[in-house]
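**Q** I'd like to go over a predicted model; first the sequence, then the structure.
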Amino acid sequence: CALPISFERSFKQASKTVRVPGFRPGHAPRAMLEKAIDPSQLYDSAADHLVRTTLKKAIDESELAPDMSARPSIDLKSLNHEDHTGEYVAKVPLPAKVELGDYKGIPIEKTPEEVTEEEVEYQIDEFRQRRSTRTPITDRGVDDGDVAVLNIKPDGDTGEGRNFMTVVGQTFPQLDQAVVGMKVEDMKHLELTFPSSFQEADWAGKQFKCTVTLNSASTMQMPALDAAFAQSLKTESVEDLKARIRAQLTIAKAQMIREIMIENAMEQLLERSKVEVSDNSWEDIANRRLNETQQEQQEAGKTMEEYAQENGMTLEGLVQAWREKAQLYIKRAFLIREVFVAENMSLTNEDLNLELGMMADEYNVEPKEMAEMLQKNSALEELRFRAISRKVSDVLLSEANVHEPGAPKPVKVAKSPKAGKAAKA
């Protein structure tokens, strides 16, 4: 329903902050003040006063017990200056309802942690590719994997065409097939249909005849896998290099497997539990992440629609995906805290310092600097929650029924009755 609102009060408050030459603040003629005051400032002040003076009364009359850790969201429907009334809809957050399911004995499949020879060789090849040198191709036509500089000139174009550096086999099939076998300075006249994702927006999705010229071609030459290469990576020999890579991969793989197992455990715990949360508790997270993504894309010269399309979604689908992800995050956070309480756990300074060190490593800063960053951004609670999450994850994994791939899931067997006591029928 429409509620009374005082625009006059808002006008008097705003007039105290407006400076009119020749008059003390708040003492200028009304006609001059009305011209000087921004109407949006007046309406914002009136709306703020309306909510502050009526919302608590409405909550009390409705006998609601709101969640004080989350703010109500306000949707202003109207502000009528003529009859001095306003209307808004408030979404008041209620405390979450959590029924924690059985978090012990969750069946989890564990992927083998053994690092294979193929994984070691792949990592070595990655290092070799990073140190590759480009060698001009002069004695053959280009092939897949070669680096080519192409000039594409549409028929009727009076300019010099456009130059592109590309890896043969990674453009689009029609162009790749045309380029394979060409030698430097070779030209081909053909009709191309450019994909909708093509980098030149004005060519994307269009079809036209053009001349393709191979301006230059080169191949990437990887260094030989020998002692010199191993020593360039600060190891003594190829065998030493492989041993160090294997050790690093073992640590990384173990951490990755742990994260997968935790994810699996949390999914099943959520299925076993009942969690009801207010929209207010997760909407701010979703909106903040969307705003951050929009800012990142603007800095990259892209729109949110283009970003969504690159990820195979519509903008509406992207927004919905982030809303669902934020809601899932909040539900899991409540479950984590419930397990923490159920296990009578607590945090020590050692727990917090360990988590602080891990966060510092992630951000590539010193722990002291990380602590200052968290304090400056009022984010110390994030440190606490991460420490809580780590301890709860340890409990979930230690209490889980872990089995190898392909093996039947372990089943808890009831303990046999103690000797001297008859089992119940």
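**A** Now that the structure is in, tell me what you want to look at.
**Q** what residues of the host helix or strand of V392 count as buried?
**A** Using DSSP states H and E, the element containing V392 is helix 380-398. Neighbour-count burial for helix 380-398, counted by 16 or more other Cβ atoms under 10 Å, picks out L383, F385, A387, I388, S389, K391, V392, S393, V395, L396, L397. Any C-beta I mention is one placed from the backbone N, CA and C, and that applies to glycine too.
**Q** contacting residues for the second one?
**A** With contacts taken as Cβ atoms under 8 Å, 6 or more residues apart in numbering, F385 has the following neighbours: A333, I336.
**Q** over to A217?
**A** P136, I137, V142, D146, V147, A148, V149, M182, K183, V184.
**Q** can you pull the contacts of the residue nearest to it when sequence neighbours are not counted?
**A** Of all residues not flanking A217 in the chain, I137 sits nearest, at 4.3 Å (Cβ to Cβ, 6 or more residues apart in numbering). For I137, the contact set (Cβ under 8 Å, 6+ apart) comprises D146, V184, A217, S218, T219.
**Q** note down every partner strand of the helix or strand that contains the last one and its orientation.
**A** The secondary structure element spanning T219 is strand 207-221 (assigned by DSSP H and E). Strand 207-221 has its sheet partners listed here by DSSP bridges as strand 133-136 (antiparallel), strand 147-154 (antiparallel), strand 187-193 (antiparallel).
**Q** highest average neighbour count across those strands?
**A** strand 147-154 (a mean of 18; mean count of other Cβ atoms under 10 Å).
**Q** check contacts around the residue nearest the centre of the chain.
**A** With distances taken as Cα atoms, centre = their mean, the residue of the chain nearest its centroid is R289 (7.3 Å). Contacts for R289 (Cβ under 8 Å, 6+ apart) come out as W322, A326.
**Q** strand partners (parallel or antiparallel) of the helix or strand just after the helix holding V392?
**A** For helix 380-398, the succeeding helix or strand toward the C-terminus, using DSSP H and E, is strand 401-403. Note on strand 401-403: by DSSP bridges, its sheet partners are strand 107-109 (parallel).
**Q** quick one: the strand it pairs with to chain centroid distance?
**A** Mean-position distance between strand 107-109 and its chain equals 27 Å (Cα atoms, centre = their mean, to the nearest Å).
**Q** now do the helix or strand that that strand is followed by against strand 207-221, angle only.
**A** Using DSSP H and E, the next helix or strand after strand 107-109 towards the C-terminus is helix 117-130. For helix 117-130 against strand 207-221, the angle by axes from the mean of the first three to the mean of the last three Cα atoms, to 10 degrees is 100 degrees.
**Q** still on that earlier bit, state the phi and psi torsions of the residue nearest to the centre of the chain.
**A** phi -70, psi -40 (degrees, to the nearest 10).
**Q** ok, E99 - contacts?
**A** By Cβ under 8 Å, 6+ apart, E99 lies in contact with S273, K274, V275.
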